[in-house]
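Undergrad: Next come a sequence and a model predicted from it.
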Amino acid sequence: MEKIELCSQDVCTGCGSCASVCPRQCIILQATGEGFHFPIIDADSCINCGLCIKSCHQLNSKVKKQLPIDVYVAWNLDKVVRAASSSGGVFSALAEVVLKQKGVVFGASFTDGLKLQHIDIESNIDVHKLRGSKYLQSDTVDSYAKTRHFLEEGRLVLFSGTPCQIAGLYSFLKKKYDKLVTCDFVCHGVPSQEAFNLYKRRLSISENDTGIFSFRDTEGWGFRLAYRGKAISTVDNYYFRAFSKGLMFMPACYDCRYAIPERVSDFTMGDFWGIGAKVPFHHSMDTGVSLLLVNSTKGVEILKECTHSLFLEQRTLEEAIEGNYNLNHKSIKPRGRETFYDDFRRMDKWALMKKYALFPSLRDFLRPIKRYYKIYMSKS
């Protein structure tokens, strides 16, 4: 019997579609030395049906890509929601529309031990679990199979994730569902859970701790790591600086086929970096501004139901691309990527920062001062 061969680790995105579709459940996602999860087939249980290969969006992709129909700068009109979000809080508005129709929303959430997994929610009370940027790879677990189950029941489903996770979902489902709404984001790349675990240990966060970890500032628009509401020092924010340099990404991220203007999802979200640089923008951006690409007619119709809860102003795709590098370029694999994970394990933070130039800049120290000054002025 010919042996089934899935895509190699330099191509695989770890979406889990192959494992989810296997009728014998003989595929597991196993962590490598760097902590990225790749599929492993139990050859003794495999019946060579080939469904795993057919469901792989990297090997057998028929996923449709489409240029955005509309481009907006956007934010949630609810100040509380906006303040609790990474940028403008647009995702919360979409989730609210779906949940009002007794639908289901899927997204990445930290579970016990700060493990990032895709979960499903059915109440507005739980939307906060899916808010906010998380700079590591989420485990899709059984979310694809659950999505199909809810769709077959005729329920509306909103699924959010990286572009490759959305592509994996489409490949798994193999057919269109009118009640499936998808949302991706402008993705730079994903570090592994292992990278985040190493960082947690350096911050003396226990493996079983369930406190809230935030990657983004909830009092403005910017990057600030915090745990249990307490900001992590600028010096100790080297995880984000390593992320910004692309030192921790999954191998496939450096050859991403989804870092293009043509999108796989109904919606694409991100920060609208560079807004107003060339074309004037006459609104304050201090509390978060979202880029919103509406990529399908389904997306257009869903957005109509959000107009009461969102500020929306049309902009151009050219402006969005100019401010968001990964809308038109894949992340570049930096020098040092191949040694970073090993060094992360064995070096102390000072040696690591020295070798990979991860020391904070003067701007990093000035940013929180500027943030608190703006907050003070707004309250005075």
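TA: It's in.
Undergrad: and residue 198, what does it touch?
TA: 344, 345 (C-beta atoms under 8 Å, 6 or more residues apart in numbering). Every residue, glycine included, has its C-beta placed from N, CA and C.
Undergrad: If we use 6 Å, what do you get?
TA: residue 344 (C-beta atoms under 6 Å, 6 or more residues apart in numbering).
Undergrad: Over to it: give its phi and psi.
TA: phi -60, psi -40 (degrees, to the nearest 10).
Undergrad: do you know how far it is from residue 226?
TA: 19 Å (C-beta to C-beta, to the nearest Å).
Undergrad: cool, and residue 96?
TA: From residue 96 to residue 226 the distance is 25 Å (C-beta to C-beta).
Undergrad: ranges for the helices of the protein?
TA: 17-21, 51-54, 79-83, 90-100, 143-152, 163-173, 193-202, 238-244, 297-304, 317-323, 337-346, 349-355, 362-379 (DSSP state H).
Undergrad: Let me have these in a markdown table, extended by mean pLDDT and distance to residue 43.
TA: Putting these into a markdown table (pLDDT from 0 to 100; distance: least, C-beta to C-beta, whole Å) gives the following:
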| stretch | mean pLDDT | distance to residue 43 |
| --- | --- | --- |
| helix 17-21 | 96 | 15 |
| helix 51-54 | 94 | 13 |
| helix 79-83 | 85 | 50 |
| helix 90-100 | 96 | 41 |
| helix 143-152 | 98 | 23 |
| helix 163-173 | 97 | 22 |
| helix 193-202 | 95 | 26 |
| helix 238-244 | 96 | 37 |
| helix 297-304 | 97 | 41 |
| helix 317-323 | 95 | 45 |
| helix 337-346 | 97 | 29 |
| helix 349-355 | 97 | 40 |
| helix 362-379 | 63 | 50 |
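Undergrad: Could you provide those in CSV, with additional columns for distance to residue 127?
TA: Shown next, in CSV, are these (distance: least, C-beta to C-beta, whole Å):
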stretch, distance to residue 127
helix 17-21, 25
helix 51-54, 34
helix 79-83, 9
helix 90-100, 5
helix 143-152, 17
helix 163-173, 19
helix 193-202, 23
helix 238-244, 25
helix 297-304, 16
helix 317-323, 25
helix 337-346, 33
helix 349-355, 35
helix 362-379, 25
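Undergrad: Can I get stretch 30-40 as PDB, trimmed to CA atoms?
TA: Output of stretch 30-40 as PDB, limited to C-alpha atoms (Å, rounded to 0.1, in the frame of the first residue of the first chain):
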ATOM      1  CA  GLN A  30       2.600  16.700  17.400                       C
ATOM      2  CA  ALA A  31       4.900  19.400  18.700                       C
ATOM      3  CA  THR A  32       8.400  19.700  17.300                       C
ATOM      4  CA  GLY A  33      11.400  20.900  19.200                       C
ATOM      5  CA  GLU A  34      10.300  24.500  18.500                       C
ATOM      6  CA  GLY A  35       6.800  23.800  19.700                       C
ATOM      7  CA  PHE A  36       5.000  24.000  16.300                       C
ATOM      8  CA  HIS A  37       2.400  21.300  15.800                       C
ATOM      9  CA  PHE A  38       2.600  19.200  12.600                       C
ATOM     10  CA  PRO A  39       0.600  16.200  11.600                       C
ATOM     11  CA  ILE A  40       1.900  12.600  12.300                       C
END
